[in-house]
Structures are given as structure tokens and as C-alpha cells.
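> Predicted structure and sequence below. I'll ask about it afterward.
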Amino acid sequence: MPAEKRRLRALLRQRRRALSVRDVRKNSRRIAARLCAQVMFHQARQVLLYSPDDNEVDTEGLWREACRRGIEVYYPRVTADKQTVEFVRRHDNEPLIPGVFDILAPPGEDLLSGVSRTDLVLIPGVGFDRTGHRLGRGRGYYDRALSGALAGALRVGLAHECQVVPHIPIDPHDERVDYVVTEKRLIECVGA
């Protein structure tokens, strides 16, 4: 299984890296528009975003729309010991700063205290399948958070269409998403 995951991770990263800056921007705008049109976004009290890296779907448009609607927005921040991730609130006009692994996160200490089913966790991934399986970067931060502090939230993977594949190999600890949003469609994950 690890070898299969490594091969698929390399292939999907290559696909994502092949996208032009223009394509990433265009796809990200379409993904944001598709998600913002959904009832799940309208009803959210809290949205957990991420800072994109390596041609991931850009979340800045979602940040602006959530702020406009008065939704609280949190970003993941890897702890100094690199063992876990915490979620920090980003306030209006607050810049993101580099943290562990140079991942951008809010500088404050206003941490997420809990989630409900109406809260949205918007999750990056290297790849997704239609059943909600996700291939991450391999460190397991999101899997641990989704099985712990974020267990009650609605999980939405954001991906370019080229990142959706027929099958993602999984391990017992891998967590699923409820939906995947691409520039072309909203996938309600069967079995999630």
C-alpha cells in the first residue's frame, strides 16, 4: 500500500504542477463560486480554510466571501513540535505569516474550540475519489484532526478536476470527506 500511495501521490502532484498559474486562478474562482452557491456554505457559522501550496486550489476568494457574510474563519497551524495541527482564527485584514514548514497561518492565538455539523472544513489534498477517500501529503495531520477535534464538521475537499481519480488506496486511519468540489462539479461522496 505505501508504494501504491507514493506512486499515485507523485502522479497527481505532477498533474497539479502542470497547471498554469492562470488555470489555477480560473479553477479556484469557479470552485469558490460553486461552493459559495451551496446551502452548506450559507449555513456555516465557522469555516476552516487552508493556505494553498504547490498549485493547490486558492482559498482567498472563499476567505473574502466568508468575511463578507460574517462567518468565522480558521486556518491550520502546525505546532512547534510538528506533532499536531491547531486551528487559528483569522480576523479581518489580518495577514498570514509563515509557520512550521513555511505554511502560512494567522499570527494570533484565537484557537478553534469546537465544531458542529454546520461548520465546514475545507480540505486540500493531492487526490480524491468519488467515495470521499483523500490522498494527503503523507504526514496525517488532517486525518488526526478529522478523527479528533473536527469529527463533527462537514468535510469538503477542494481539488482541480485533474486530481479526482477512480480509486484512492486507503489505510485504516484515513478519513473521508463528505463532498469534493472541483471547477466542473460538486461530488456528493458515496459512502462518506
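That came through, no problem. If you're wondering where the values come from, they're calculated on a predicted model, not measured in any experiment.

> quick one: low-confidence parts of the chain?
Scanning the chain for pLDDT under 70 picks out 1, 191-192.

> So which residues of it form helices?
Counting by DSSP state H, one finds helices in the chain at the ranges 2-17, 21-36, 39-42, 60-68, 141-147.

> Show me which residues of the last one are buried.
Just to be clear, that refers to helix 141-147. Tyr141, Tyr142, Asp143, Arg144, Ala145, Leu146 (16 or more other CB atoms under 10 Å). For glycine as for every other residue, the C-beta is placed from the backbone atoms N, C-alpha and C.

> repeat for the second one
Within helix 21-36, the residues that qualify as buried by neighbour count (16+ other CB under 10 Å) are Val24, Asn27, Ser28, Arg30, Ile31, Ala32, Arg34, Leu35.

> Kindly report the same for the third one.
Taking 16+ other CB under 10 Å as the basis for neighbour counts, the residues of helix 39-42 that come out buried are Met40, Phe41.

> again, but for the fourth one
Within helix 60-68, the residues that qualify as buried are Gly61, Leu62, Trp63, Glu65, Ala66, Cys67, counting by 16+ other CB under 10 Å.

> In contact with the last one, which residues are there?
Read that as Cys67. Residues near Cys67 by CB atoms under 8 Å, 6 or more residues apart in numbering: Val73, Asp92.

> contacting residues around stretch 42-53?
Under CB under 8 Å, 6+ apart, the answer for stretch 42-53 is 28, 41, 56, 58-59, 62-63, 66, 69, 71-76, 87, 90, 96, 103-105, 112, 115-116, 118-124, 150, 153.

> Buried among those? Need that as a selection in ChimeraX.
Selecting only the buried entries of the contacts of stretch 42-53 in ChimeraX, with 16+ other CB under 10 Å as the criterion:
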select :28,41,56,58,59,62,63,66,71,72,73,74,75,76,87,90,96,103,105,112,115,119,120,121,122,123,124,150,153
